[in-house]
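Trainee: Predicted model and sequence follow; I will ask about them next.
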Amino acid sequence: MVQGINPNVTIAAKWGMHMKMFNRMLWQIEGMDAEVQPVFANDVALAIMNCIKMEETAGKTYDLGGPHTYTYQEIYNMFFDITQIKPYVATVNLEDAYYYAHM
């Protein structure tokens, strides 16, 4: 174990510390309405172990996803509620964000 790092710190707590130390800016991009299905890492590890153990899984493809679908905005709101940090929100047009990302 690395000295001074608590292994029990959650991702939300790490993200909250990052938000407090650095800029609390949330770049909200218009037109990005994609939904994601977060999956628990232990479930992925269990699926990999089952693929290794079971011979009938050879050559098969698996789609792993969590039980709920969320937009990125919903995930950000959950993190802000957990960390009790109010971000500075800036809305950016999708075309402008694409342009700046590929400069």
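Mentor: That came through, no problem. This is a predicted model, so every value here is computed, not measured.
Trainee: residue ranges for the helices of this protein, please.
Mentor: 11-21, 41-53, 72-83, 94-101 (DSSP state H).
Trainee: Looking at these, which is nearest to residue 65?
Mentor: helix 41-53 (9.6 Å; Cβ to Cβ). All C-beta spots, glycine's among them, are computed from the backbone N, C-alpha and C.
Trainee: Can I get that closest one as PDB, trimmed to CA atoms?
Mentor: Extracted in PDB, the C-alpha atoms of helix 41-53 (Å, rounded to 0.1, in the frame of the first residue of the first chain):
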ATOM      1  CA  ALA A  41     -16.000  -3.400 -11.400                       C
ATOM      2  CA  ASN A  42     -16.600  -6.600  -9.300                       C
ATOM      3  CA  ASP A  43     -19.300  -7.700 -11.800                       C
ATOM      4  CA  VAL A  44     -16.900  -7.300 -14.700                       C
ATOM      5  CA  ALA A  45     -14.300  -9.300 -12.800                       C
ATOM      6  CA  LEU A  46     -16.900 -12.100 -12.100                       C
ATOM      7  CA  ALA A  47     -17.900 -12.200 -15.800                       C
ATOM      8  CA  ILE A  48     -14.200 -12.500 -16.800                       C
ATOM      9  CA  MET A  49     -13.700 -15.300 -14.300                       C
ATOM     10  CA  ASN A  50     -16.800 -17.100 -15.600                       C
ATOM     11  CA  CYS A  51     -15.500 -16.800 -19.200                       C
ATOM     12  CA  ILE A  52     -12.200 -18.300 -18.200                       C
ATOM     13  CA  LYS A  53     -13.700 -21.200 -16.300                       C
END
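Trainee: now that helix: how far from the chain's centre is it?
Mentor: Averaging C-alpha positions (Cα atoms, centre = their mean, to the nearest Å) puts helix 41-53 20 Å from its chain's average.
Trainee: out of the helices of the chain, nearest to residue 61?
Mentor: Closest approach to residue 61 among the helices of the chain (Cβ to Cβ): helix 41-53, 10.3 Å.
Trainee: Make CSV out of the helices of the chain and add distance to residue 60, mean pLDDT and mean neighbour count.
Mentor: Shown next, in CSV, are these (distance: least, Cβ to Cβ, whole Å; pLDDT from 0 to 100; neighbours: other Cβ atoms under 10 Å):
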stretch, distance to residue 60, mean pLDDT, mean neighbour count
helix 11-21, 30, 69, 13
helix 41-53, 8, 91, 11
helix 72-83, 30, 80, 14
helix 94-101, 36, 83, 11
